[in-house]
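Colleague: Sequence first, predicted model second:
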Amino acid sequence: MEEFSPLQSPSSPSSLAMADVIRKIEEIEYEMSKTQKNKATSGHLGMLKAKLAKLRRELITPKSQGGAAAQESFEVAKTGDARIGFVGFPSVGKSTLLSNLAGVYSEVAAYEFTTLTTVPGCIKYKGAKIQLLDLPGIIEGAKDGKGRGRQVIAVARTAHLIFIVLDVLKPLGHKKILENELEGFGIRMNKQPPNIIFKRKDKGGLNVQTMVPQSELDTDLIREVLLEYRISNADITLRCDATVDELIDMVEGNRNYIPCIYLLNKIDQISIEELDIITKIPHCVPISAHHKWNYDSLLEKMWDYLKLIRIYTKPKGQLPDYEQPVILSIQSGKCTVEDFCNKIHRTIINELKYAMVWGTSAKFQPMRVGRDHILADEDVVQIVKTVK
């Protein structure tokens, strides 16, 4: 049975509108399941996928519902250098893992739905402060609002990394369901944005350029999808062999591309032979939250997936400060001296004359560089300001 907040009546206008959206989603999914996939039906399926994406957007960003909606939120204030969300079914060990990693008490019990709201914690690893969020267990249909799934996954969308905690006794079934729920809510795990350039314009019609051969998209299919969005004038450049779903993602523009690690918990309950087979799952780390097994491998993989680097500061005439590094993210591909200055204070870059760098990014030690110099992990930087 559908659960409703005590602050919001099941018959309230917002609840009825949400139920209508969910009904339409189910109707489209049913029609898609009954439609044969071939060249003749590709345009129709593309239109249905576009309609589905638009309805999903209404669930991701529902219209304002006043104080009631705000009070239902599971969001917590961001702190630290990065944020990790724990996602999984009820009673798979998320709370135990948070308690052991961060020393934060998150209620643990043998019955389901123990965690009823977001429980934050924080760990310090390699000088970086990383916020951990134990989210309430989600169930199948969470993307459609079941079990307060929208609020849970909305918090996961704000994370820099997602830990999907799986019961090692039934990992593949749960993995598929959770991936479907997160994908349906606009989260793209361990993926990069498709190399598609999409630009709306006021006139001129539809202009499509393909830089590589396309196995799925053609001009007619693209036009069919864009008509669903009432877009008749646009420039589209396809620099990859794109799918209809990737095109829709670019048009929607609200997708979150987040790295993800699958934690295979409770490995103490299976044999070594079974473990060797299970660990062939990509992006996975086998652990036992209860016995604290393999936490070192988990933390190392966490660091790699967060793509953080440490930059040490060196005041003039003093030794470098190795205790409190400046933590920068290289999710975008690189970090420069300008990024380093902005992380310390926005005004420093305006006073920068040059910087002295020691480390692997420097050709010689030290090396005098400008604001565009690309830094590497554990570089030492000394800022030299202009004299006024």
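Modeller: Structure received.

Colleague: now the strands for the stretch 1-150 of the chain?
Modeller: Residue ranges of the strands in the stretch 1-150 of the chain, as given by DSSP state E, counting those that start in this stretch, are 82-88, 119-125, 128-134.

Colleague: So what touches the second one?
Modeller: Surrounding strand 119-125, the residues in contact under the criterion Cβ atoms under 8 Å, 6 or more residues apart in numbering are 76, 79-80, 95, 98, 101-104, 106, 129-134, 299, 302-303. The way it works is simple: take the backbone N, C-alpha and C, and place the C-beta from them, glycine included.

Colleague: now the first one
Modeller: The set of residues external to strand 82-88 that reach it, using Cβ under 8 Å, 6+ apart, is 94, 97-98, 128, 130-135, 137-138, 152-153, 155-156, 158-166, 174, 178, 182, 302, 306, 308, 327, 329.

Colleague: List the buried residues of stretch 151-161.
Modeller: 151, 152, 153, 154, 155, 156, 157, 159, 160, 161 (16 or more other Cβ atoms under 10 Å).

Colleague: on that earlier part again, among the contacts of strand 82-88, name the buried ones.
Modeller: Members of the contacts of strand 82-88 classed as buried by 16+ other Cβ under 10 Å are 94, 97-98, 128, 130-135, 137-138, 152-153, 155-156, 159-166, 174, 178, 182, 302, 306, 308, 327, 329.

Colleague: pull the longest helix from this structure.
Modeller: Taking DSSP state H as the criterion, the chain has its longest helix at helix 13-34.

Colleague: Output the contacting helices and strands for it.
Modeller: helix 42-60 (3 or more Cβ pairs under 8 Å, 6 or more residues apart in numbering; DSSP states H and E).

Colleague: Now the helix it packs on - C-alpha only, CSV.
Modeller: Taking Å, rounded to 0.1, in the frame of the first residue of the first chain, the C-alpha atoms of helix 42-60 are listed here in CSV:
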residue,chain,number,x,y,z
SER,A,42,12.2,3.2,-33.8
GLY,A,43,10.5,6.6,-34.1
HIS,A,44,7.5,5.6,-32.0
LEU,A,45,9.8,4.1,-29.3
GLY,A,46,11.9,7.3,-29.4
MET,A,47,8.8,9.4,-28.8
LEU,A,48,7.7,7.1,-25.9
LYS,A,49,11.1,7.4,-24.3
ALA,A,50,11.0,11.1,-24.6
LYS,A,51,7.5,11.2,-23.0
LEU,A,52,8.8,8.9,-20.2
ALA,A,53,11.8,11.2,-19.6
LYS,A,54,9.5,14.2,-19.3
LEU,A,55,7.3,12.4,-16.7
ARG,A,56,10.3,11.3,-14.8
ARG,A,57,11.5,14.9,-14.6
GLU,A,58,8.3,15.8,-12.8
LEU,A,59,9.1,13.2,-10.2
ILE,A,60,12.7,14.4,-9.9
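
Colleague: Show the pLDDT at residue 286.
Modeller: On the pLDDT scale, residue 286 is placed at 95.

Colleague: Surely it touches residue 166?
Modeller: No - assessed by Cβ atoms under 8 Å, residue 286 is found out of contact with residue 166, at 10.1 Å.

Colleague: same question for the helix or strand containing residue 356, mean pLDDT?
Modeller: In this assignment (DSSP states H and E), residue 356 forms part of strand 352-358. Mean per-residue pLDDT for strand 352-358: 93.

Colleague: what does stretch 251-259 give?
Modeller: 91.

Colleague: Need the contact partners of that stretch.
Modeller: Against stretch 251-259 from outside (Cβ under 8 Å, 6+ apart): 50, 53, 57, 60-61, 156-157, 159-162, 186-193, 198, 225-226, 229, 231, 249, 305-307.

Colleague: Which among the residues you listed count as buried?
Modeller: Using 16+ other Cβ under 10 Å, the buried ones in the contacts of stretch 251-259 are 50, 53, 60, 156-157, 159-162, 186-189, 198, 225-226, 229, 249, 305-307.

Colleague: that older thread, which neighbours do residue 286 and residue 166 share?
Modeller: With Cβ under 8 Å, 6+ apart, residue 286 and residue 166 have common neighbours residue 264.

Colleague: element containing the spatially closest residue to residue 325 that is not a sequence neighbour, please.
Modeller: Leaving aside its sequence neighbours, residue 325 sits nearest to residue 310 (Cβ to Cβ, 6 or more residues apart in numbering; 3.8 Å). Taking DSSP H and E as the criterion, the element that holds residue 310 is strand 308-313.

Colleague: other SSEs contacting that strand?
Modeller: By 3+ Cβ pairs under 8 Å, 6+ apart, strand 308-313 packs against strand 321-329, strand 379-385.

Colleague: Tell me which of the ones you listed approaches residue 264 most closely.
Modeller: strand 321-329 (26.9 Å; Cβ to Cβ).

Colleague: how far does that closest one sit from the chain's center?
Modeller: 24 Å (Cα atoms, centre = their mean, to the nearest Å).

Colleague: Stretch 40-55 too?
Modeller: The answer for stretch 40-55 is 25 Å, by Cα atoms, centre = their mean.

Colleague: same deal with stretch 79-90?
Modeller: 10 Å.

Colleague: In it, which residues are buried?
Modeller: Quick answer for stretch 79-90 (16+ other Cβ under 10 Å): 80, 81, 82, 83, 84, 85, 86, 87, 88, 89.
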